[in-house]
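Student: Predicted model and sequence below, questions to follow.
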Amino acid sequence: MKNKLFRNLIITFLSISMMLSLESCGKKKENAVNGGHAVSSTTGVNDLLQSGLNEQTSEETTSEEVVIDFTSSPAYTSSAPLPSEEVIPTFTMNEEGVEVDLTVMSSGTVYSIVYDMMMHPDNYVGKVVKMRGIFDTAYDEASGIRYYACVIQDATQCCAQGIEFELEKPGTYPDDFPEVGQECTVVGVFDTYMEGEYRYATLRHSNMTVTDKT
Amino acid sequence: MLDKLWMYLQLPMVQRALIVSVLIAFCSALLGVTLVLKRYSYIGDGLSHVAFGAMSVAAVVGLTNEMLLILPVTIICAILLLRTGQNAKIKGDALIAMISVGALALGYLLMNLFSTSSNLSGDVCTTLFGSTSILTLSNEEVWLCVILSILVFIGFLFFYNKIFCVTFDEQFSRAIGMKVELYHFLIAVMIAVIIVLAMNLVGSLLISALVIFPALSSMRLFKSFRSVTIFASVLSLICTLAGIVLSLLYSTPVGSTIVTVDAAGFLICFFAGKIRGDVST
């Protein structure tokens, strides 16, 4: 009798534990959705330029003010502390001086690293990034600023992530730029900046080469 | 190639993906044997579609915590499907098919009609095929998976004899005074938890493969419940790891690569079983 009761208690405990654990998972996941580029809310190519790190920043700025000191360039220091329990990816610099070379990685890995850059930009600020992807551009009529981005897709070709870039030698659009959708390789220094209340990521001092001539 | 693999293994996101996928593969194989023996191989697929439908409803309703709806609905459906006996008006396989396609259709319809995302096809693709979800997990999600997997494993070990009994002969289990419904409930909860977790790994459409392939492969080579379960778990681990490594090296979708490796594993076991004298038949 005692045995049966004990077993029943264990069953109930296991069931409740699993349900409660998953509910807490939901909370975390939901935070991710609100806070940035959650997988279930993957953005389209055009949205990447528009949204950038909006949601992620709004979450961070509410809890802790992030101050980026651009005047101290090229150090690109940020006063935002790194999350204590977060595992920071380590990258070694190659012969070209590139620390995060996404061109030598598989599409799935590239997607996940770019996703990580959007979620935890402080881990990458100041690093030289090289990426190959699809060129895209958007024009903000209100501010009169044209944004350029290099967009990568995952292996299933259904999800896209992109990084905005600013060329070292700004040219004239469209004369000095490839067509939207052409493949390009961009090398630049990862940085973030504030625009309004939102925080965006960009590759500064970038050099772009068109790798797809078609 | 080894250098490239080593480089990938240094990345935290890849390490997290490997940990979670190994745990999910292990747990799904454990329960897979029970499901295959109870002739509910397709239940994983049905439940994952239910989870997809529930997720769509939660998104449309605007629930802040989607799991509050997804998990109970999946568990209820799991209980319903497992409790369906021979005397039911709608037989088990028909009920699974009905719930599966019904939930899938309803989910997609709702997502289309009341979409809140700018990339609907991306959302659907991610949910159905796993996409890169497994490579974008947070530390919290990894810990959650570890805890749940341990709970499932402990539950399976602790109730191994009861699960064995319920799996092979329900009537006998009732006759000896076992609370069959209670164990059905436990199995249903464990399955639902694994299904919801596995959606990250291989997506809704491919979950069944994680459940049935290792069990079926193992049955080609072994006879006893214990040896089939142990080998299925080991094989599932190997196939999942191989699938992830291959997908990293050759830029293929993670979920479908894992399932393809599982299928290849089945073929190898099938021919190995033939060579050994077809012990499983």
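Tutor: Alright, I've got the coordinates.
Student: Strands of chain A, residue ranges please.
Tutor: Along chain A, counting by DSSP state E, strands occupy A:100-101, A:128-140, A:145-153, A:160-167, A:183-195, A:198-210.
Student: Read off the pLDDT value for residue 209.
Tutor: I went with chain A, as the question did not name one. Note for residue A:209: predicted pLDDT of 86.
Student: my bad, the chain I had in mind was chain B
Tutor: 84.
Student: what about it, neighbour count?
Tutor: Residues lying near residue B:209 (other C-beta atoms under 10 Å in any protein chain shown) number 25. C-betas here are computed from N, CA, C, even on glycine.
Student: repeat for residue B:5
Tutor: Residue B:5, neighbours per other C-beta under 10 Å, totals 13.
Student: so who does it touch?
Tutor: B:245, B:248, B:249 (C-beta atoms under 8 Å, 6 or more residues apart in numbering or on different chains).
Student: Go back to those residues and keep what's next to chain A.
Tutor: B:248, B:249 (C-beta under 8 Å from any C-beta of the partner chain).
Student: List buried members of the contacts of residue B:5 by neighbour count.
Tutor: By neighbour count, with 16 or more other C-beta atoms under 10 Å in any protein chain shown, the contacts of residue B:5 hold B:245, B:248 as buried.
Student: Reformat the contacts of residue B:5 into CSV and put pLDDT and secondary structure next to each item.
Tutor: Below are the contacts of residue B:5 laid out as CSV (pLDDT from 0 to 100; DSSP: H, G, I helix; E, B strand; the rest coil):
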residue, pLDDT, secondary structure
B:245, 90, helix
B:248, 86, helix
B:249, 87, helix
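Student: From the contacts of residue B:5, pick the one nearest chain A.
Tutor: Chain A has its nearest neighbour among these in residue B:248, at 5.3 Å by C-beta to the nearest C-beta.
Student: Does the closest one touch residue A:110 like I think?
Tutor: No: contact status for residue B:248 versus residue A:110: not in contact, 10.8 Å apart, counting by C-beta atoms under 8 Å.
Student: List the buried residues of stretch A:175-195.
Tutor: A:177-178, A:183-193.
Student: Same question for stretch A:96-116.
Tutor: A:98-102, A:105-116.
Student: picking up where we left off before, in TSV: the buried residues of stretch A:175-195, plus pLDDT and distance to residue B:50.
Tutor: Output for the buried residues of stretch A:175-195, formatted as TSV (pLDDT from 0 to 100; distance: C-beta to C-beta, whole Å):
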residue	pLDDT	distance to residue B:50
A:177	84	48
A:178	85	46
A:183	88	41
A:184	88	43
A:185	89	44
A:186	89	43
A:187	90	47
A:188	89	46
A:189	90	47
A:190	90	42
A:191	89	45
A:192	88	41
A:193	86	44
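Student: Reformat the residues you listed as TSV; add distance to residue B:102.
Tutor: Listed next are the buried residues of stretch A:175-195 as TSV, based on distance: C-beta to C-beta, whole Å:
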residue	distance to residue B:102
A:177	49
A:178	47
A:183	42
A:184	45
A:185	47
A:186	47
A:187	51
A:188	50
A:189	52
A:190	47
A:191	50
A:192	46
A:193	48
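Student: For the stretch 151-281 of chain B, which residue gets nearest to chain A?
Tutor: residue B:251 (4.0 Å).
Student: Just give me the neighbour total for that residue.
Tutor: 15.
Student: Hmm, it is touching residue A:107, no?
Tutor: Yes: taking C-beta under 8 Å as the definition, residue B:251 is a contact partner of residue A:107 at 4.4 Å.
Student: for the stretch 51-200 of chain B, what are the low-confidence residue spans?
Tutor: Residue ranges of the stretch 51-200 of chain B with pLDDT under 70: B:64-65, B:83-92, B:115-123, B:126, B:130-133, B:200.
Student: now the helices: where do they sit in chain A?
Tutor: Along chain A, counting by DSSP state H, helices occupy A:2-35, A:45-51, A:54-63, A:107-119.
Student: again with the stretch 151-281 of chain B
Tutor: Secondary structure of the stretch 151-281 of chain B (DSSP state H, counting those that start in this stretch): helices located at B:160-168, B:170-175, B:180-198, B:207-221, B:225-250, B:254-275.
Student: mind putting those helices in JSON lines, distance to residue B:144 included?
Tutor: As requested, these are arranged in JSON lines below (distance: least, C-beta to C-beta, whole Å):
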{"stretch": "helix B:160-168", "distance to residue B:144": "24"}
{"stretch": "helix B:170-175", "distance to residue B:144": "32"}
{"stretch": "helix B:180-198", "distance to residue B:144": "8"}
{"stretch": "helix B:207-221", "distance to residue B:144": "18"}
{"stretch": "helix B:225-250", "distance to residue B:144": "18"}
{"stretch": "helix B:254-275", "distance to residue B:144": "19"}
